[in-house]
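Undergrad: Show me the folded form of this:
(one chain, ligands or ions: 2)
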Amino acid sequence: MQLDQLLSAQQPLSSPPHHDEMLFIIQHQVAELWFKLMLHELRAARAHIRHDDIEPCEKILSRVKATQKQLFEQWSVLETLTPSEYVQFRHLLGPASGLQSRQFRLVEFILGNKQGDILQLYAHDETSLIELRAELESPSLYDEFLCYLHRSGHEVPSASIARDWTKPHERSDDLVKVFQRIYAEPSAYWKEYALCEKLVDIDEHHQLWRFRHMKTVERIIGYKPGTGGSSGVAFLKKIVDLTFFPELLDVRTAIGAPP
Ligand code: HEM
Ligand SMILES: N[C@@H](CC(=O)c1ccccc1NC=O)C(=O)O
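TA: Ligands and ions are numbered 1, 2, ... in the order given. Got it, this is the predicted structure:
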């Protein structure tokens, strides 16, 4: 398990060590470990979809959702950090921020939030840059799903499947119609239908994570700007509602109407 290595990686910057810095470090490290598992699973699911092998995705994506639940619950531990405690070592972090989390960005890219500008943050880190660029240029999980639907005979608009993968997916009314057909007859399209619902689970849990991050930050630093240069809570609030799979939410509004 290489526990010696793992358990010697908690090195506080404060000197003498501030009691609460241990919580801050471990909270981040545990999140990064869960991000690692998420990436591993999301990449596996994407590869299965690419090979028209949908069945294993059910179990893989259930594991992703269970991991997201852990990440969500974890905020309750950090919430025990008070503003008075955090302010005693926050200055030591300098301009470091979660914005620079390579694994979080890879998760966002694979889920389809392709914000290419963020690569600038990695100008000094060639290894991260290579991995991030490769993920930016790859079809997302949703892109692969839409290609699969096309191969299965659904009328997926060509703009959704032959496109520049480095850009975010653009919402399409025609795609909502594809999902209307699937949701109107679940038993006829069970594989597709079940995968759609898994994707909605993951989208929702990612938003829940973002929301709780924002609420935790609000109670710890109030409305101070972030160390990464953003406005802080206002920035985090704005991104809560970002959805990876807009048509899978819009189809719910359309259900009942003819496709
Ligand atoms: C005291 C605790 C924390 C505070 C005050 C805080 C604050 C912030 C703020 C203000 C931002 C916006 C960027 C900036 O200007 O810095 C941010 C971004 C971010 N933080 Fe935290 N954070 C905390 C803990 C965590 C933890 C435990 C994680 C887990 C890995 C995390 C992950 C992230 C990520 C991934 C972003 C980028 C979000 C995105 O671009 O969508 N943060 N954080
Ligand atoms: N952005 C936080 C600092 C912070 O939480 C942080 C610092 C270094 C590495 C990761 C971090 N996590 C999330 O932003 C702040 O503004 O206080």
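
Undergrad: Helix, strand, or coil at residue 124?
TA: Following DSSP: H, G, I helix; E, B strand; the rest coil, residue 124 is assigned to coil.

Undergrad: same thing with residue 186?
TA: Criterion first, three-state DSSP; result for residue 186: coil.

Undergrad: Renumber starting at 833 from here on
TA: Understood, numbering begins at 833; the last thing we discussed is residue 1018.

Undergrad: Quick check: nearest residue in space to it, chain neighbours excluded?
TA: For residue 1018, ignoring the flanking residues on the chain, the nearest one in space by C-beta to C-beta, 6 or more residues apart in numbering is residue 1025 at 4.5 Å. Yep, even glycine has a C-beta here, placed from its N, CA and C like the rest.

Undergrad: so that neighbour sits right up against residue 1015, yeah?
TA: Yes - with contact defined as C-beta atoms under 8 Å, residue 1025 reaches residue 1015; the gap is 6.8 Å.

Undergrad: And those two? Which one has more around it.
TA: The residue with more neighbours, out of residue 1025 and residue 1015 and counting by other C-beta atoms under 10 Å, is residue 1015; that gives 20 against 17.

Undergrad: quick one: the more buried one from ligand 1, how far?
TA: Computed with C-beta to the nearest ligand atom, to the nearest Å, the distance linking residue 1015 and ligand 1 is 30 Å.

Undergrad: Identify the residues contacting that residue.
TA: 1025, 1028, 1083, 1087 (C-beta atoms under 8 Å, 6 or more residues apart in numbering).

Undergrad: Reformat these as CSV; add distance to residue 939, pLDDT and secondary structure.
TA: Formatted as CSV, the entries for the contacts of residue 1015 read as follows, by distance: C-beta to C-beta, whole Å; pLDDT from 0 to 100; DSSP: H, G, I helix; E, B strand; the rest coil:
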residue, distance to residue 939, pLDDT, secondary structure
1025, 25, 98, helix
1028, 20, 98, helix
1083, 24, 98, helix
1087, 29, 91, coil
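
Undergrad: From these, pick the one nearest ligand 2.
TA: residue 1028 (31.8 Å; C-beta to the nearest ligand atom).

Undergrad: give the contact list for the residue in the chain that ligand 2 sits nearest to.
TA: At 2.7 Å from ligand 2, residue 930 is the closest residue in the chain, using C-beta to the nearest ligand atom. Listed by C-beta under 8 Å, 6+ apart, the contact set of residue 930 reads 860, 936, 1045, 1060.

Undergrad: Now with 6 Å, please.
TA: Remark: with contacts taken as C-beta atoms under 6 Å, 6 or more residues apart in numbering, residue 930 is in contact with nothing.

Undergrad: cool, and the one 4 residues further on?
TA: Listed by C-beta under 6 Å, 6+ apart, the contact partners of residue 934 are residue 960.

Undergrad: can you give me phi and psi for it?
TA: Backbone torsions of residue 934, given as degrees, to the nearest 10, read phi -60, psi -40.

Undergrad: Repeat that for the one 5 residues further on.
TA: When read as degrees, to the nearest 10, the backbone of residue 939 gives phi -60, psi -50.
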